[in-house]
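Output the structure for:
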Amino acid sequence: MIKLLLRLVANAAAIWVAAQLVDGVTLAVSPLGPVLIVALVFGVVNAVIKPIVKFFGFPFIVLTLGILSLVINAGLFALVAWLTDALSVSGFWPAFWGSIVVGLVSWFLGIFVDDKDDDD
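So this is what the prediction gives:
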């Protein structure tokens, strides 16, 4: 459970960094709650919708040598912005660069979260 919360906080931090670095991505950060809700919606979208979209888009992902994966990530990032009030994305390119920043920051912060079970 702690690892899940750490991943949620890492996603929230990554979304906050994207809002700071990418023009066209804005985040309501007055209270901390909306940022965590955006991170939770982001996690649910990535866990539920992303595998379905990638499964059906697999032939096109192979055909485009993986570049379509970047477009899918941008679309899912824009979907999260559409689903939540705290995140706003003003177009495709801010969604594209925002999804790349979120992916890189989440990957970097994920290095510090141990994925092994504590029972080992």
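
Show me the shaky parts of this protein.
Along the chain, segments meeting pLDDT under 70 span 115-120.

what does the longest helix anywhere in it rub up against?
Longest among the helix segments of the chain by residue count, using DSSP state H, is helix 32-56. With contact meaning CB atoms under 8 Å, 6 or more residues apart in numbering, helix 32-56 is reached by 7-9, 11-12, 15-16, 27-29, 61, 69, 72-73, 75-77, 79-80, 83-87, 102. The C-beta positions use only the backbone N, C-alpha and C, and glycine is treated the same way.

In helices, which of those appear?
Going by DSSP H, the helices hold 7-9, 11-12, 15-16, 61, 69, 72-73, 75-77, 79-80, 83, 102 from these.

Which among those residues count as buried?
Among these, the ones that count as buried by 16 or more other CB atoms under 10 Å are 7, 9, 11-12, 15-16, 61, 69, 72-73, 75-77, 79-80, 102.

List the residues that contact W93.
W93 is in contact with G24, counting by CB under 8 Å, 6+ apart.

Confirm it sits in a strand?
No. Counting by DSSP: H, G, I helix; E, B strand; the rest coil, W93 falls outside a strand, being helix.

I'd like the distance between it and L70.
Look at W93 and L70: by CB to CB, to the nearest Å, they are 12 Å apart.

go on, I37?
When distance is defined by CB to CB, I37 is 26 Å away from L70.

what's the answer for L6, then?
For L6 relative to L70 (CB to CB), the value is 26 Å.

for G103, same thing?
Distance from G103 to L70, by CB to CB: 9 Å.

Mind listing what's buried along stretch 15-23?
Of the residues in stretch 15-23, 15-19, 22 count as buried by neighbour count, 16+ other CB under 10 Å.
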